[in-house]
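# Kindly return the folded structure for what I paste below:
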Amino acid sequence: MTKILRHPRLHRIPRHLVPVAVLVLSLLLTLGVSLLLRSTARARDQARFASVVQATADRIQRRLDSYVALLQGTEGLFATQREVTPEEFSTFVRLLELQKHYPGIQGIGFSRRFSREERPEIEQRLRTHEGLPGFHVWPEVSGDELHSIVLLEPRDARNLAAMGYNMFSEPTRSEAMVRARDTGLPALTAKVTLKQEIHSDKQAGFLLYLPVYRGGQVPASLEQRREALVGFVYSPFRADDLLHGIFGTEQQPRVAFQLYDGPAVDAEKLLHSSHGPEAPRHASMLTTTTISVAGRPWTLAFASRPPFEDASSERMVLPFALAGVLVSLAFFFMMRAQVRARGEAERSADGLRVALHERARVEEQLREADRRKDDFLAMLAHELRNPLAPVLTAVQLMEHKQREGLSTERERDVVERQVHHMRRLVDDLLDVSRVTRGKIQLHQRPLELVGAVGRALEVARPFAESREHSLRLRVPDGPVWTQADPVRLEQVLTNLLHNAAKYSEPGGRITLSLTCEAGEAVVRVTDTGMGIPAEALPHLFEPFMQVARTLDRSQGGLGLGLTLVKRLMEMHGGRVEVASEGVGRGSVFTVRLPLLPQARIPVEPEETRPGQDMPAEGRRVLVVDDNVDAAELLGEVLELDGHQVTVVHDGQTALERLDTLEPEVVFLDIGLPGLDGYEVARRMRQRLGGECPRLVAITGYGQSSDRQRSREAGFDAHLVKPVELETVRAMAAEGAS
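The predicted structure is shown next:
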């Protein structure tokens, strides 16, 4: 009997257990993915928390570093001057605009070191001469060395309450002062209560000191530093005000922090708490970090807040797990959720990278601002100190030469030149400050521009010629009228001409032109100088901006001239523009002003013929010079000698008045706008022939070729500016040749 062979049955999972197996597998897979998501979210939250903590600590550190730099700049003020008056100090502090640029600072002050024997004299001077009638040194303590506050700005009620306080009398303050004195470095005090706390809302505070030594340099040895100490520039801070100034009023900040004085968390040394005296409870993340400010450690304790925790992706884990349990056959859904979670993680990472990039950009801007501020302070110290060396040398030479009976004219010229240079620097600073604060008022009137540009050219001519430049003037034949302040417009044009001469190699060409274009008067200053890089053009009129700056600073200046030019032109309703084809290809500065309407152009009054009741020995004298001040002063000198003097400021007017005035002597400037002095002299000789008056050239050109040219034009004499008044008076007295 044949048996039928059959395949053995496969052992299969019982059907009723398959759903259980799928469910178990689904739950296990859901559990594994949920744990993975929770771990990823936790790690991301920790990275976010660390980033916020570091950013907060960095903001505090950078702000305190900027205040250290601010005091270093203030120390430079005391280092460059033998004595700083309250008015100078107040002006300096106002220029800093503390509330705008350094929010949270209580002020800037100076404590002077003096002995008990010097105390009566100092108190008396501050009461009678410095505007502090109630000034006195307090408190009364033993010891010969006093460190009283003698300058503190701004002078509000809080700061006035601290005037005269001897800070060396209090151990916490004196510890920081001694540390600053002995190291020559800035020093921060421990937690103190400021003497400015005169109201009920008292805050924890601290002070930042920087020593000031005689000579402006930090002496090499400890003994020398102690001996050379003059005092301290310092700033008092109210901790809450400072931190509010740094962080403002942020809406729902993501972390809370508490700031402690010292290297550890100590409730007695709490300086500031961002959210009340206690840290948030039940915070998921806590950490502490330490920063160092001016040689003193600060401790920051951080805790996460609900806005931070609400943004956590860890909240997504539970819904995901529930979805996996409810949908037992949803492997597809789990994978899709995982892909979505991965996408969310990548987007969060991208957002973090963007935030880090933005933070790096802001930090770079802050560093650039600090660099430009530091550059300016260093540049200001250099520019103010630089003229002092030749002045001191010249004074010493003058003393020696006077003892030897030698001439000191050259030394007087050096002193005058260097003092004028320092005055221009200070004028630039004050003018920019006054324009920025709206303190300058223009005195505008109808102004004829042909004469104005000519006067500006003559003012700038000596400096340009000292650098061997040639000057050209191009003006229209007729008058050009605008509404302007003559003094400020001359300041603008002279500044542009000085810049053109300063930034051109010797032998350059500078052209000053005046045209009318589309209802505007257009003045252009064109030079063949070093040119301007394209990347510098948009920033050229910003404060402290200078294209080329080398260690020797051969061009000098503070980088404020063009800023002042721009602001003054805007106040006139005009504008200034700059163009350059690049380095080494020169530049063109263009000033545009609205033309004066025809109806407002004034009618120049006819000048009356001088009376005939002059003394018999007086001469009829005509002075022709477009430099109004020089011409009028020369006229006054000659009138004192009894001469009948008429002053005009251009060659065309001189020719028109020639027949009416019948002058016997003409003092004629060469560099006149329109018709120059050579042409005016030739026309006078052609018209009057042998009856021509005595012609005397007054000019800044003094070479032999210039004298030859004046003789050929018909001049009888050639005087080089600045002229000797006795020579002029003698020539006027001689009359016609």
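# use CA for all of it now, contacts and neighbours both
Noted.
# Could you pull up the contacting residues of residue 213?
The contact partners of residue 213, by Cα atoms under 8 Å, 6 or more residues apart in numbering, come to 79, 219, 225, 228, 229, 230, 231.
# need the helices for the stretch 551-700 of the chain, in chain order.
With DSSP state H, counting those that start in this stretch as the criterion, the stretch 551-700 of the chain has helices at 561-571, 628-640, 651-661, 677-688.
# got it, and the stretch 201-350 of the chain?
222-228, 239-247, 306-310, 317-326, 331-385.
# coming back round to it: now mean pLDDT, mean neighbour count and distance to residue 349 too, for the helices of the stretch 551-700 of the chain, in JSON lines please.
Shown next, in JSON lines, are the helices of the stretch 551-700 of the chain (pLDDT from 0 to 100; neighbours: other Cα atoms under 10 Å; distance: least, Cα to Cα, whole Å):
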{"stretch": "helix 561-571", "mean pLDDT": "85", "mean neighbour count": "20", "distance to residue 349": "44"}
{"stretch": "helix 628-640", "mean pLDDT": "86", "mean neighbour count": "16", "distance to residue 349": "71"}
{"stretch": "helix 651-661", "mean pLDDT": "90", "mean neighbour count": "16", "distance to residue 349": "77"}
{"stretch": "helix 677-688", "mean pLDDT": "91", "mean neighbour count": "18", "distance to residue 349": "77"}
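# With distance to residue 86 added, can I get these in a markdown table?
Formatted as a markdown table, the helices of the stretch 551-700 of the chain follow (distance: least, Cα to Cα, whole Å):
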| stretch | distance to residue 86 |
| --- | --- |
| helix 561-571 | 26 |
| helix 628-640 | 35 |
| helix 651-661 | 51 |
| helix 677-688 | 51 |
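# okay, the contacts of residue 213 in CSV with distance to residue 592 and neighbour count next?
Conversion of the contacts of residue 213 to CSV gives the following (distance: Cα to Cα, whole Å; neighbours: other Cα atoms under 10 Å):
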residue, distance to residue 592, neighbour count
79, 42, 19
219, 53, 19
225, 56, 21
228, 54, 18
229, 53, 21
230, 51, 21
231, 51, 24
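# In strands only, show me those.
Those of the contacts of residue 213 mapping onto strands are 229, 230, 231, per DSSP state E.
# Tell me what the last one is bridged to.
Residues in a beta bridge with residue 231, per DSSP bridges, are residue 112, residue 212.
# That one touches residue 212, doesn't it?
Yes: contact status for residue 231 versus residue 212: in contact at 5.4 Å, counting by Cα atoms under 8 Å.
# Below-threshold pLDDT in the stretch 251-400 of the chain: ranges please.
For the stretch 251-400 of the chain, residues meeting the criterion pLDDT under 70 lie at 251-252, 277-281, 313-317, 320-321, 323-343, 345-346, 368-390, 392-393, 396-397.
# cutoff 50 now
382 (pLDDT under 50).
# For residue 501, the count of nearby residues, please.
30 (other Cα atoms under 10 Å).
# separation between it and residue 469?
7 Å (Cα to Cα, to the nearest Å).
# so what sits against both of these two?
With Cα under 8 Å, 6+ apart as the test, residue 501 and residue 469 both reach 508, 510.
# picking up where we left off before, I'd like a version of the contacts of residue 213 in CSV, one that adds distance to residue 624 and pLDDT as further columns.
What follows is those, written out as CSV (distance: Cα to Cα, whole Å; pLDDT from 0 to 100):
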residue, distance to residue 624, pLDDT
79, 48, 80
219, 59, 94
225, 62, 94
228, 59, 93
229, 59, 95
230, 56, 93
231, 58, 95
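# and which of these is nearest residue 541?
Within the contacts of residue 213, proximity to residue 541 (Cα to Cα) peaks at residue 79, which comes in at 29.4 Å.
# hang on, that closest one packs against residue 229?
No: assessed by Cα under 8 Å, residue 79 is found out of contact with residue 229, at 11.7 Å.
# ok and the helix or strand where residue 709 lies relative to helix 677-688, angle-wise?
Using DSSP states H and E, residue 709 falls within helix 704-713. If you take axes from the mean of the first three to the mean of the last three Cα atoms, to 10 degrees, helix 704-713 sits at 20 degrees to helix 677-688.
# Send me helix 704-713 as PDB with only the CA atoms.
Extracted in PDB, the C-alpha atoms of helix 704-713 (Å, rounded to 0.1, in the frame of the first residue of the first chain):
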ATOM      1  CA  SER A 704      62.200 137.400  -8.700                       C
ATOM      2  CA  SER A 705      60.000 136.300 -11.600                       C
ATOM      3  CA  ASP A 706      56.900 137.700  -9.800                       C
ATOM      4  CA  ARG A 707      58.600 141.100  -9.300                       C
ATOM      5  CA  GLN A 708      59.700 141.100 -13.000                       C
ATOM      6  CA  ARG A 709      56.100 140.400 -14.100                       C
ATOM      7  CA  SER A 710      54.700 143.200 -11.800                       C
ATOM      8  CA  ARG A 711      57.200 145.700 -13.400                       C
ATOM      9  CA  GLU A 712      56.100 144.700 -16.900                       C
ATOM     10  CA  ALA A 713      52.500 145.200 -15.900                       C
END
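# about what we covered before: now do the shared contacts for residue 79 and residue 229.
212, 213, 214.
# any idea how far residue 708 is from the first one?
According to Cα to Cα, residue 212 and residue 708 sit 60 Å apart.
# The two: which has the busier surroundings?
A side-by-side neighbour count of residue 212 and residue 708, using other Cα under 10 Å, places residue 212 first with 29 against 12.
# quick one: contacts for that one?
Listed by Cα under 8 Å, 6+ apart, the contact set of residue 212 reads 75, 78, 79, 229, 230, 231, 232, 233.
# swap the cut-off to 6 Å and go again
230, 231, 232 (Cα atoms under 6 Å, 6 or more residues apart in numbering).
# Could you identify the helix or strand that succeeds the helix or strand in which residue 513 is found?
Following DSSP H and E, one finds residue 513 within strand 509-517. The helix or strand immediately downstream of strand 509-517 is strand 520-527, counting by DSSP H and E.
# low-confidence ranges in the stretch 501-650 of the chain?
Ranges of the stretch 501-650 of the chain meeting pLDDT under 50: 549-554, 605-616.
# hmm, back to that, redo the contacts of residue 212 as TSV? Include distance to residue 675.
Output for the contacts of residue 212, formatted as TSV (distance: Cα to Cα, whole Å):
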residue	distance to residue 675
230	61
231	62
232	62
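# Please determine how far residue 44 is located from residue 171.
Applying Cα to Cα to residue 44 and residue 171 gives a distance of 47 Å.
# more crowded one of these two?
Using other Cα under 10 Å as the criterion, residue 44 and residue 171 rank with residue 44 on top: 19 against 11.
# which other helices and strands contact the helix or strand containing that one?
Residue 44 is part of helix 18-80, with elements assigned from DSSP H and E. Counting contacts by 3 or more Cα pairs under 6 Å, 6 or more residues apart in numbering; DSSP states H and E, helix 18-80 packs against helix 317-326.
# So residue 178 lies in a strand, does it not?
No: Residue 178 is assigned helix when assessed by DSSP: H, G, I helix; E, B strand; the rest coil, not a strand.
# And it, how close does it get to residue 156?
Residue 178 is 28 Å from residue 156, by Cα to Cα.
# Please identify which of these two sits among more neighbours.
residue 178 (16 against 12).
# separation between the more buried one and residue 184?
10 Å.
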